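Q: model the structure of this input:
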Amino acid sequence: FSFPSPRVGFLRLGNGSIEQTTDGGETFSRRTGIPGTAASSGGGGMVGTDIHFLTATAGIAIVSDPNSGASAAYMTPDAGVSWSPVALPAGAHVTSLHFVDANNAYAIGPNTLLRSTDGGEKWQAEPIAAGNSFNSIDCSTATNCLLTVTGGNQLVETADGGATDTVKTTSSSLIYGAAYANASQIVAVGASGATVLSNDGGATFTPASSDIGGQYSRLRLGPGGMLLAPGANGDMAISTTAGQTWQVISTQTSQELVDVAFATPALGYALDAKGGLQRTSNGGASW
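A: From the prediction side, this is the model:
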């Protein structure tokens, strides 16, 4: 999902299809498939990896080779009607995009940390990617960022946009997602619902929750300060207390949830690994 406004949003599917909504997710319409994918007019074996829209019309999409992991990027100026290629550094294997603001952005993946300072038109590789397979990234400023690795055993901090880093182990459990609440407060989550907090910008961390069970791979900020963590077996963990306590909600699937998004505390969507899309209008009580 990528929502540049409460009403306008885009959904990227695995086959490269792009769906647009202009009514907050009530209805969706098909846009032009990303080049090189099965959904494009020319076809292809690439799969959709991630999208981000800066405005209701301007966005960027990442596609990857399912065998080699090699990635390509395309930008659209007209809400997905047309796409033009964007050059990525050689060897880029992008699994996720993160935009700090309209100009500063990062792309992460195995041995990949790319940085853009012009809204995604140009990308450069950063040194700390070597030997790391990054799982998530969040930033408090254009250059100060916190990354997790797919192994879950480290948090990687950089204060200079990826030129140098500081590596930390913060929990006896594996940590897969981390995010800034503000410049000094950090929440990180991982295996078996492990949650750790920092109130000093990452200098120190303390555990913040007991084992809530399950495995969670992402951390999303929802409306009103909600924290959302999609997980395995169709489970989603929700916190309305800045990560101090969590409630586990089951959706109507046994598949892994790959992403969740809430427009309001009551209205939300959950996307599973097989492309199943579910909607709740009562905060997850039913789907």
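
Q: quick one: contacts for residue 39?
A: Residue 39 sits next to 13, 15-18, 33, 48 when contact means Cβ atoms under 8 Å, 6 or more residues apart in numbering. Every C-beta, even on glycine, is put in place using the N, C-alpha and C of the backbone.

Q: what helices or strands is the strand or helix carrying residue 19 leaning on?
A: Assigned by DSSP states H and E, residue 19 falls within strand 18-21. Applying 3 or more Cβ pairs under 8 Å, 6 or more residues apart in numbering; DSSP states H and E, one finds that strand 18-21 contacts strand 9-12, strand 29-30.

Q: and these: which comes nearest residue 246?
A: Closest to residue 246 of the helices and strands packed on strand 18-21, according to Cβ to Cβ: strand 9-12, at 26.0 Å.

Q: still on that earlier bit, show residues contacting the strand holding residue 19.
A: Contact with strand 18-21 is made by 7-13, 27-34, 39, 51, 61, 79-80, as judged by Cβ under 8 Å, 6+ apart.

Q: possible to save the contacts of residue 39 as CSV with neighbour count, distance to residue 183 and pLDDT?
A: Formatted as CSV, these follow (neighbours: other Cβ atoms under 10 Å; distance: Cβ to Cβ, whole Å; pLDDT from 0 to 100):
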residue, neighbour count, distance to residue 183, pLDDT
13, 19, 35, 95
15, 15, 39, 96
16, 24, 37, 96
17, 20, 38, 97
18, 28, 34, 97
33, 24, 40, 97
48, 23, 33, 95
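
Q: from what I can see residue 181 touches residue 198, true?
A: No: Residue 181 is beyond contact range of residue 198, at 9.7 Å (criterion: Cβ atoms under 8 Å).

Q: between those two, tell me which one has more neighbours.
A: Neighbours were tallied for residue 181 and for residue 198 using other Cβ atoms under 10 Å; the higher tally belongs to residue 198 (23 against 18).

Q: in terms of pLDDT, where does that one sit?
A: pLDDT, the model's per-residue confidence, is 92 for residue 198.

Q: and the helix or strand of the chain with the lowest mean pLDDT, what does it pack onto?
A: Of all helical and strand segments in the chain, the minimum by mean pLDDT, DSSP states H and E falls on strand 206-207, at a mean of 84. Judged by 3+ Cβ pairs under 8 Å, 6+ apart, the packing partners of strand 206-207 are strand 195-198.
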